[in-house]
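1. model the following, please.
(2 chains)
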Amino acid sequence: MTSVIAAAWQIARKDLRVEARSRELIYTTIFFAFSCVLIFAFAFVREGQPIPNASAGILWITIAFSGTLALGRTFERERQSETLRALLLAPVERVAVYLGKLLALLVLLFAVEALIVPIIGLLFDAPLGRAPLLLLALLVSGTIGFGSVGTLFAAMLVRAQSRDVLLPVILYPIVVPVFIGGVQGTSAIFADEPALAMAQTWLAILIFFDAVFVTLALWTFGPVMTE
Amino acid sequence: MMPDVAGDFTVVQVRDVTRHYGRRRALSRVSLECRAGSILGLLGPNGAGKSTLLGILSTLLRPTSGTVLYGERTAHEGGDGLRAAIGVLGHDLFLYADLTARENLTFFARLYGVADAGRITTALERAGLADRADDRVGAFSRGLRQRLGLERALIHQPRLVLLDEPFTGLDDDSTARLTARLASLREAGAIVVVATHDFETADGLVDRAACLANGRLVPVAEGRGRLRERYRAAIGSAVP
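-> Okay, the predicted model is just below:
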C-alpha cells in the first residue's frame, strides 16, 4: 500500500501534468486575476497616483477571486469522468487525495501570485522590496489557509448542482479571517510608516489559522467523501 | 499463464442489504453470494439498483442496513487492504482524457502500489493499445477507452472485479476480447460481477445470474433456456 505522502505526491503530480497539457486553469486564472488588477487600476489610480493603502486589499481580493475560479475547475475535472470515485476507491488514505489536490492547487496559485504581485507593485506603487521575506511568508500562509478550506469545500460540492454558486457562498465566510490577516499584514508592510512587528503578528495569526484549517480539513475530508 | 489475483478472501456475501437515497429505496433486503472462480451476471432494468449494489460491493457506498462480508471481514474492517483487492470499471471509465494511455495506467498502478513496470506494458498489449500507448486518451474512441478502462481496473490483479455495463460501445472483436479476458479472470480465481443488458454476450459467459427489479432480488431459473428468456420470466414474475 502506498503511503499518504507518496500517494498525495502522485495525485498532485498527475494534476500538474494534466494542467501542463491543457493549460486551461493557469490561463483562465491568470487572465481573470490580471483583469481584476487592471479594473482596480482604472478605478483606484488617479493621475498616476494610486489611492493610499489600496494595494494590499486589491492583492488579496485578486487572490480570493482567482483562487475560487481555480478551485471549482480543479474538481470539475475529476467529476467529468468520475475519476474522483477512482481516487476514493484506491487503497490510500482519503487524506492523501485531499493533500494531493491541495498541493496541486497551491502550486497553481503560487504561480499566479508570482505574476500578479509584481504587476500590483508596478501599477499601485507598492513597496514590494521593503520586507520581501515577510511579504512572501504572508502570501504563502494566506494561500495555504484559503486553499485548505477551499479544497475541502470544492470536494464536498463536487456533486452539487449549483456548486459554482455555492462554493463562494460557503467558502468566503469561513476564510474571512485569513483575508483579514493577509490584508492587515500586507498593509502594515506597504504603509507609509511600515509596522513590520505588526505584520509579523498577523503572520503568526495566519499560521495559527493554517494549522486549525488544515487539521480540520484532514479530519473531515474522509467522512464527508464517504457517501 | 494466468496471473494470480490479490486478496485473501474467496467469497463475498451480501446479507440483507438495503440502501436508501433520502426517501427513495434503491435496494431492499438483497442477499446473494459470489465465489472465487465464478462470474455473476447482475441483470435488471434501468434503475433496478444494479449500480447501487456494485457501489456497495466496491466499498464506495455504505448500506443503510445489512452487511457485506469479504471473506470474514466487512468493508470497514478490511480498510485499505480490502480496497487493494477490488477492481472497478464503472459506466464512466475513470480515465483522465488529458493523460496518455500509459500515463493513466502508470498513475493508477502507483496508487495501488504496483511497482512492476512490465505489468503496464502487458496491460497495454492486452488492451491492444501498444502502438497508441503515448496518445492522449481524449483522442480514443469509446471502444478503445473501454478496453483501457478495463485494464486500468485490473492493473493491480484484484480478487473482486466489478464491471458496470462493460460491453457498451464495443465492436464484435472487442466484445470477444473482453469475454475472453473475463473468462481468464475466472480461471485465475477472481470473483467477477458484471452488470449488463447484453444478454447475448452474457449468455454462456456468466456462471450464475441475479436479477434486480425495483431494488429487490428476483429469482432467475438456473441453467434452463437462454438467459434473455429466463430474465424475462424473472422480471415477469416480479411485476404484480
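2. these two touch, right, B:Ala130 and B:Thr122?
-> No - applying C-beta atoms under 8 Å as the test, B:Ala130 and B:Thr122 come out as separate, 9.7 Å apart. Using the backbone N, CA and C atoms, a C-beta is placed for each residue, glycine as well.
3. in chain A, mark out all the helices, start to finish.
-> For chain A, helices defined by DSSP state H occupy the ranges A:4-22, A:24-44, A:54-80, A:83-89, A:94-123, A:132-156, A:163-190, A:196-224.
4. now for the ones you listed, which one comes closest to B:Arg216?
-> Nearest to B:Arg216, of all those, is helix A:83-89, at 25.6 Å by C-beta to C-beta.
5. looking only at pLDDT, what's the mean for stretch A:60-70?
-> For stretch A:60-70, mean pLDDT is 93.
6. and stretch B:25-38, by the same measure?
-> Stretch B:25-38 comes out with an average pLDDT of 93.
7. where does pLDDT dip in the chain?
-> This is for chain A. Low-confidence segments of chain A, defined by pLDDT under 70: A:1-2, A:227.
8. could you do chain B instead?
-> For chain B, the ranges with pLDDT under 70 are B:1-7, B:223-224, B:237-240.
9. and it, which residues reach chain A?
-> B:55, B:58-62, B:80-84, B:86, B:88, B:90, B:92-99, B:103, B:107-108, B:110-113, B:136, B:152 (C-beta under 8 Å from any C-beta of the partner chain).
10. filter those to the buried ones?
-> B:55, B:58-61, B:82-84, B:86, B:88, B:90, B:93-99, B:103, B:107-108, B:110-113, B:136, B:152 (16 or more other C-beta atoms under 10 Å in any protein chain shown).
11. quick check: strands, which of the residues you listed are part of them?
-> B:86, B:88 (DSSP state E).
12. my guess is B:His91 meets B:Pro166, correct?
-> No - using C-beta under 8 Å, B:His91 is not in contact with B:Pro166, being 9.3 Å away.
13. more neighbours: the two, which one.
-> The residue with more neighbours, out of B:His91 and B:Pro166, is B:Pro166; 28 against 14, by other C-beta atoms under 10 Å in any protein chain shown.
14. ok, that one touching B:Val192?
-> No - using C-beta under 8 Å as the test, B:Pro166 is too far from B:Val192 to be in contact (10.0 Å).
15. if I look at the two, which residues touch both of them?
-> B:Leu182 (C-beta atoms under 8 Å, 6 or more residues apart in numbering or on different chains).
16. OK, contacts around B:His76?
-> Taking C-beta under 8 Å, 6+ apart as the definition, B:His76 has no contacts.
17. now it: which helix or strand?
-> Here B:His76 sits within helix B:75-83, counting by DSSP states H and E.
18. got it, and B:Leu178?
-> Going by DSSP H and E, B:Leu178 is part of helix B:172-187.
19. what's the distance between A:Ala195 and chain B?
-> 47 Å (C-beta to the nearest C-beta, to the nearest Å).
20. for that residue, the count of nearby residues, please.
-> Residues contacting A:Ala195 under the criterion other C-beta under 10 Å number 15.
21. spatially nearest residue to it (excluding sequence neighbours)?
-> Excluding the flanking residues, the one nearest A:Ala195 by C-beta to C-beta, 6 or more residues apart in numbering or on different chains is A:Ala188, at 4.4 Å.
22. what of A:Leu109?
-> Computed as C-beta to C-beta, 6+ apart, the closest residue to A:Leu109 that is not its neighbour in sequence is A:Thr143, at 5.2 Å.
23. what residues are up against that neighbour?
-> Contacts of A:Thr143 by C-beta under 8 Å, 6+ apart are A:63, A:67, A:106, A:109-110, A:113.
24. which of those residues count as buried?
-> Buried among the contacts of A:Thr143 (16+ other C-beta under 10 Å): A:63, A:67, A:106, A:109, A:113.
25. list just the nearest of the residues you listed to B:Thr74.
-> Nearest to B:Thr74 among the buried ones among the contacts of A:Thr143: A:Leu106, at 36.5 Å, using C-beta to C-beta.
26. what about the closest residue to A:Pro127 other than its chain neighbours, neighbour count?
-> Residue nearest to A:Pro127 in three dimensions, not counting chain neighbours: A:Phe190, with 5.9 Å by C-beta to C-beta, 6+ apart. A:Phe190 has 25 neighbouring residues, counting by other C-beta under 10 Å.
27. what about the nearest residue to B:Thr196 once chain neighbours are set aside, neighbour count?
-> Distances taken as C-beta to C-beta, 6+ apart put B:Ala202 closest to B:Thr196, at 5.2 Å, once the chain neighbours are dropped. Using other C-beta under 10 Å, B:Ala202 is surrounded by 23 other residues.
28. so who does B:Ala202 touch?
-> B:41, B:43, B:194, B:196, B:209, B:227.
29. with B:Ala75 instead?
-> Here B:Ala75 is in contact with B:59, B:62, B:68, B:82 (C-beta under 8 Å, 6+ apart).
30. again, only using 7 Å
-> B:59, B:68, B:82 (C-beta atoms under 7 Å, 6 or more residues apart in numbering or on different chains).
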